[in-house]
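Engineer: the sequence and its predicted three-dimensional model are supplied below.
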Amino acid sequence: ARGPQAWAAVAARALATSGAHPAGARGKDEAEQRRPFPVVMTGHPADGREVIETLGLVTSTSVVSRNILVDVLMAVLGVMGGPAEQYEELTSDAVVRATDGVAAAAQNMHADQVINFRLEKAVIVNRLIFGVYVFVTAYGTAVRVK
């Protein structure tokens, strides 16, 4: 099984190579929609390319939850043990949304890449109503490369 960071990298690569745009990019003029998504990575620029301009910090936060029926089911399954696939999906969804937000913010800055990409995650459990919320903040440095 892949962890959330691996899924973020997969999603970022897929978006970067497909030319896809997040929902927030809709409604912009044709030229803006055709601008490719920036590459998002944890290290330095891809292929040893040189950074010619640092554009600044880009961030995005995602907060997601499931319905109460899923939370009750997961609470029952938690007593018996085993994988919590619904919560794995919940975490992956939050990571992908936050990663998409960083890429969209970098795209708005006309960046080619986002380097030093990081994810911070937190889970809040409301035991009174079985509510689980996953918070993911993604951030990195938007750059232009040669």
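Structural biologist: Good, I have the coordinates.

Engineer: can you tell me the helix or strand for residue 135?
Structural biologist: In the assignment (DSSP states H and E), residue 135 maps to strand 131-145.

Engineer: for that strand, buried residues please.
Structural biologist: 132, 134, 136, 137, 138, 139, 140, 141, 142, 143, 144, 145 (16 or more other CB atoms under 10 Å). C-betas here are computed from N, CA, C, even on glycine.

Engineer: alpha carbons only: can I get the helix or strand encompassing residue 117 in PDB?
Structural biologist: With the criterion set as DSSP H and E, the secondary-structure element containing residue 117 is strand 113-126. In PDB, the C-alpha atoms belonging to strand 113-126 read as follows (Å, rounded to 0.1, in the frame of the first residue of the first chain):
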ATOM      1  CA  GLN A 113       7.800  23.900 -10.700                       C
ATOM      2  CA  VAL A 114       7.100  23.800  -7.000                       C
ATOM      3  CA  ILE A 115      10.200  22.600  -5.100                       C
ATOM      4  CA  ASN A 116      10.700  21.600  -1.500                       C
ATOM      5  CA  PHE A 117       7.100  20.400  -1.400                       C
ATOM      6  CA  ARG A 118       5.800  19.300   2.100                       C
ATOM      7  CA  LEU A 119       2.600  18.000   3.600                       C
ATOM      8  CA  GLU A 120       1.400  18.500   7.200                       C
ATOM      9  CA  LYS A 121      -1.500  16.300   8.300                       C
ATOM     10  CA  ALA A 122      -3.700  16.200  11.400                       C
ATOM     11  CA  VAL A 123      -6.800  14.200  12.300                       C
ATOM     12  CA  ILE A 124      -9.500  15.500  14.600                       C
ATOM     13  CA  VAL A 125     -11.900  13.100  16.200                       C
ATOM     14  CA  ASN A 126     -15.200  14.200  17.700                       C
END
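
Engineer: neighbouring strands - and their directions - for that strand?
Structural biologist: According to DSSP bridges, the neighbouring strands of strand 113-126, each with its direction, are strand 39-40 (parallel), strand 131-145 (antiparallel).

Engineer: Throw the buried residues of strand 131-145 into JSON lines and include pLDDT, thanks.
Structural biologist: What follows is the buried residues of strand 131-145, written out as JSON lines (pLDDT from 0 to 100):
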{"residue": "132", "pLDDT": "80"}
{"residue": "134", "pLDDT": "90"}
{"residue": "136", "pLDDT": "96"}
{"residue": "137", "pLDDT": "96"}
{"residue": "138", "pLDDT": "96"}
{"residue": "139", "pLDDT": "96"}
{"residue": "140", "pLDDT": "94"}
{"residue": "141", "pLDDT": "94"}
{"residue": "142", "pLDDT": "94"}
{"residue": "143", "pLDDT": "94"}
{"residue": "144", "pLDDT": "93"}
{"residue": "145", "pLDDT": "90"}
